[in-house]
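Participant: sequence below, structure please.
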Amino acid sequence: MRQRLSKTKRHAKVLEIIRGKSIETQEDLAASLQKEGFEVTQATVSRDIKELGITKTPTGSGRYRYVVPKERAFEDSRRRMGRLLRDSVVSIDYSENLLVIRTLTGNAHAVAAVIDNTGIPEIVGTIAGDDTILIVVKPKSAVISVMERLNRLRLQSEE
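Facilitator: Below you'll find the predicted structure:
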């Protein structure tokens with residue numbers, strides 16, 4: 001389970017890095033991951049790129065950069081969210097228009113990143129600590145339905 005969570009966290013970080021800055025080579029991606037505390041080899045980065053469906057696109061200046069196709073990112077985020085919720089979430093509760101998710105220590109950032117990328121329209125944003133995530137839901141009346149959706153994903157058996 002530890003290896004699986006590590007890979008899931010690394011995949012979430014890969015997506016975050018590629019969306020956040022221009023990454024032109026696997027070496028650039030490996031260096032960015034290492035700066036974030038992930039010990040990776042070129043082979044690991046190559047596998048991650050393939051598994052995540054990451055492709056290269058022209059930048060317009062004769063160079064290429066890695067991108068995540070939107071359809072694939074959405075589908076992968078849903079699957080990863082279900083797996084992360086099952087493996088990492090301890091509890092989900094709410095107050096007014098806020099959800100509070102408690103996770104195993106060190107997992108909140110990965111879970112929050114995946115939730116941010118799922119496209120649930122009622123989620124305004126997330127804030128993650130080490131083992132706690134605060135989710136802002138709008139409108140207030142949607143907080144229960146969002147919590148139920150997250151709980152359903154958490155309690156589903158893996159397909």
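
Participant: who's in contact with L15?
Facilitator: Neighbour list for L15: L52, V68, A73, A113, N117 [criterion: Cβ atoms under 8 Å, 6 or more residues apart in numbering]. To be clear about C-beta, it is placed using only N, CA and C from the backbone, and glycine gets the same treatment.

Participant: where does this structure dip in pLDDT?
Facilitator: 1-5, 70-81, 118, 156-159 (pLDDT under 70).

Participant: could you chop it up by domain?
Facilitator: What automatic domain parsing lists as the domains of the chain is 2-68, 71-155.

Participant: what's the most buried one of those domains?
Facilitator: Counting by mean count of other Cβ atoms under 10 Å, domain 71-155 has the highest mean neighbour count of the domains of the chain, with a mean of 17.

Participant: distance of the residue of the chain positioned farthest from its centre from E24?
Facilitator: In the chain, counting by Cα atoms, centre = their mean, G62 sits farthest out from the average C-alpha position, at 30.5 Å. For G62, the distance to E24 equals 11 Å [Cβ to Cβ, to the nearest Å].

Participant: over to L153?
Facilitator: On the measure of Cβ to Cβ, L153 and E24 end up 35 Å apart.

Participant: can you pull out the helices in the protein?
Facilitator: Counting by DSSP state H, the chain has helices at residues 2-20, 26-35, 42-52, 70-88, 108-116, 143-155.

Participant: among the ones you listed, which is nearest D130?
Facilitator: Among these, helix 108-116 comes nearest to D130, with 6.0 Å by Cβ to Cβ.

Participant: specify the angle between that closest one and helix 2-20 in degrees.
Facilitator: Counting by axes from the mean of the first three to the mean of the last three Cα atoms, to 10 degrees, helix 108-116 lies at 60 degrees to helix 2-20.
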